[in-house]
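J.: Pasting a predicted model and its sequence here:
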Amino acid sequence: MLRLRSTLLILVGVCVNCLDAFGESRSYEDRLTFRVYSPSVQQQLNNKTALLELRTQINKLHDAEFLKELALSNDNFGEQGSGLFADINNVSDTCREHWNRTITGLLRSEFWAFKMLDASGKIGAGILEGHTKWMGSYDECFRIDRTLPGMPPSNSGFSTQFCGMRTKVTLGYIPLEIDFAACVPKACSPKDLTILYNDLLKRLPTQNPVRVYGTFCKEDQEIDSRAVVAIVILGIFAALMFVSTVYDLLIIQRQRHTAERTKSEILSEHTASVGEKSPLLISHEKKLAPKQDSVAERLLLAFSVYSNGKKILQVNQSAGTLTALNGIRFLSISWVVLGHTFAFITPVLSNSYVVLPDLIARWTFQAVANALVSVDSFFALSGLLLAYLTLKEMKKGQGKFRINWFMFYFHRFWRLTPVYMLLMMISICLSRYFGDGPLWPDQGMEVNYCKDTWWKNLLYINNLFNEQSCFGVSWYLANDMQFFLLSPLMLIPLYFYFPGGIVICIVWLLGSAITPGVVSNVLDLPPSTVGGGGTAQGRADYFSYYYIRPYCRMGPYIVGIIVGSFLYKTDCKVKINKYLNLLLWLVFATLAVVVLYGLRDPISFPEDALSRDVSALYNATHKIVWGACVCWVIFACATGNGGFINTLLSWSPFVPLARLSYCIYLSHAMVIFTYYDSQRSLIYLDDLNIIYVFLATLVLSVMVAFVASLSFEAPMMGLEKVIFKRDRRN
């Protein structure tokens, strides 16, 4: 019974709504949200019948022999000849000519006409397991006139285009839109093709005729003004990087090498001339004062690929650094990539009806289904580092306010915004040119090119609106910036009166727990995006009204501030009894396991779904608990109570990877979308396939992040250092 119930789960956003398969962009929210319903057994049987009948009709529509028989049958001849011709239809003259030429070529068994049908979508095996996107052969459609070895010459005399025909079918109580591909003459408009295909479908012998309700054709992607502007901006960066790197290598590095060699020669000569009685210090006259680079030189060198690359790849760290953070940051961003690899693959699966319910039922998969808390790890890290470093700077500072609060905010804005805006520009203006194929969205990765929403991203307020956001992963940046803006309300009391500051932080923490609990209870939200409780409307509201809202996500950040302030007060010197230390590790490990795996039964078994109140309690507390678990790991490692875990997390290769974590977060979605949306056929999901996809995605994301950091992030930080004369450690 469990197996039957699991196989009946159908994901509406995944199963057969192929709108996105033929040129329409899908938002980050749509890609990330699962909408699940469970039809009855009788409805499932009706679904099978409807899909199998639809398969019969569509396959006949693109079957050469059947169409030839239909064209030659007496019942289909009229005054103008075969009813398959377009002479009696209200279509354009050029379309009619090319359509009729195709029918004639089919009747004459010309090779190019068979290739057009061969490139059109047909329903194959696996339809009842989710193989319901019938995309045909995209590339073959544009190679109709290419003669293959050993085959007859192929010459249609006209250009072809790849289109999607939309029809409808009702599965259970859900009306669904289904698209199938067609390779047709390019001269035919979508309206022409709708008329022609509906006339053709009426001639199929069936009790339940199918109608085409819309046609969507892939268009050639021409370079528009947005792309030109983006290319010019990127070209300026590329030119600066080239000039800077050449100047750095040929002038600066050569001068430094010469100076080092001269210094070495002077030392050698001095030692040889004086011998063992030579003084330890060389005379003042022979000292070489280091040449100071001018401001213009340092501004130019901020773009040097050579110097920036060395900084990024450097593994040495200064004393007092919280080294365990490097491992946590990279492992957390890898977890984010893993979660999105699974979440974004659902629209391109050929076995979604079966594999997704099976995965969700696994104990081991809960770490992926609940990968949402990986972002809370970053909130906790951000709060902890902010408190630890800012309080140390306030201690060094002077005056009433201790530090320059303008630079406090400006540095954060400058640290996040340039690379964020530039990568968002690439996604908006250039992503439509990254690939092609039946699944490739005509507008690229951003809905409507973010025409009405981009400014909200710039102001870091895009998480306060319910509409589809621009550059979907940016909801996290908006939250982080908003938390940063509020942080002095806790940091200042913590510095001047620590007990009072802790009380204030606890008040904030209580508010960050009560608010999401109330929101969850009022909206009857589920405890997870994949279900486990709540109503259908609550599942639809989960992302927009809970997941991205700052008042529902601030808990781990506040926990980080509290723990970071304790690290500052103790100077990372806390000795814990080994038995107490072991007990604390067990407690926090148990809490982490409960957060990750506690929803398995409510998600897998509808009768075990959490009640409204329990779901609200989970939504109010689980992120705070997870943040506390992450902060304990950092606290234990920083104070010498981490043992081999600290050794593992402090592994030196994690240092450069951690530096790239921000750019990995910004760019990994583009890497995933580019691969998935470029598919020519659906992906059969199994463990081996997803392992390969995840590892390839992670490696490519690191490579793209390295380029983005070299091109945008590191130069901007270098410019800030030169302009404001900021010390590197700040």
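T.: That came through fine.
J.: my hunch is that residue 318 is in a strand, does that hold up?
T.: No - assignment of residue 318 by DSSP: H, G, I helix; E, B strand; the rest coil gives coil, placing it outside any strand.
J.: ok, it - how many residues close by?
T.: Using other Cβ atoms under 10 Å, residue 318 has 7 neighbouring residues. Glycine gets a C-beta too; all of them are placed from N, C-alpha and C.
J.: do the same with the one 10 residues further on
T.: By the criterion of other Cβ under 10 Å, residue 328 has 22 neighbours.
J.: what's the helix or strand for it?
T.: helix 324-343 (DSSP states H and E).
J.: Please work out which residues outside that helix touch it.
T.: 31-32, 359, 368, 371-372, 374-375, 377-378, 381, 385, 630, 633-634, 637-638, 642, 645-646, 648-651, 654-655, 657-658, 661, 664-665, 668-669, 672, 690, 693-694, 697-698, 701 (Cβ atoms under 8 Å, 6 or more residues apart in numbering).
J.: can we see that at 6 Å?
T.: 32, 368, 371, 374, 377, 634, 637, 646, 649-650, 654-655, 657-658, 661, 664-665, 668, 672, 693-694, 697-698 (Cβ atoms under 6 Å, 6 or more residues apart in numbering).
J.: Stretch 522-539 too?
T.: 34, 36, 369, 541-542, 545-546, 599, 602-603, 609-610, 612, 615, 618.
J.: please redo it, this time with the cut-off set to 8 Å
T.: 32-37, 360, 369-370, 372, 519, 541-543, 545-547, 599, 602-603, 609-612, 614-616, 618-619, 622.
J.: just the buried members of the residues you listed?
T.: 32-36, 360, 369-370, 372, 519, 541-543, 545-547, 599, 602-603, 609-610, 612, 615-616, 618-619, 622 (16 or more other Cβ atoms under 10 Å).
J.: Inside helices: which ones of those residues?
T.: Among those, the ones falling in helices (DSSP state H) are 32, 360, 369, 519, 541-542, 602-603, 612, 615-616, 618-619, 622.
J.: Dump these into JSON lines; add pLDDT as well.
T.: What follows is those, written out as JSON lines (pLDDT from 0 to 100):
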{"residue": "32", "pLDDT": "58"}
{"residue": "360", "pLDDT": "87"}
{"residue": "369", "pLDDT": "90"}
{"residue": "519", "pLDDT": "96"}
{"residue": "541", "pLDDT": "92"}
{"residue": "542", "pLDDT": "93"}
{"residue": "602", "pLDDT": "91"}
{"residue": "603", "pLDDT": "89"}
{"residue": "612", "pLDDT": "94"}
{"residue": "615", "pLDDT": "95"}
{"residue": "616", "pLDDT": "96"}
{"residue": "618", "pLDDT": "96"}
{"residue": "619", "pLDDT": "96"}
{"residue": "622", "pLDDT": "96"}
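J.: Report the two members of those separated by the largest distance.
T.: 360 and 519 (24.8 Å; Cβ to Cβ).
J.: from what I can see residue 52 touches residue 127, true?
T.: Yes - counting by Cβ atoms under 8 Å, residue 127 is a contact partner of residue 52 at 7.3 Å.
J.: can you give me how far stretch 688-708 is from the chain middle?
T.: 12 Å (Cα atoms, centre = their mean, to the nearest Å).
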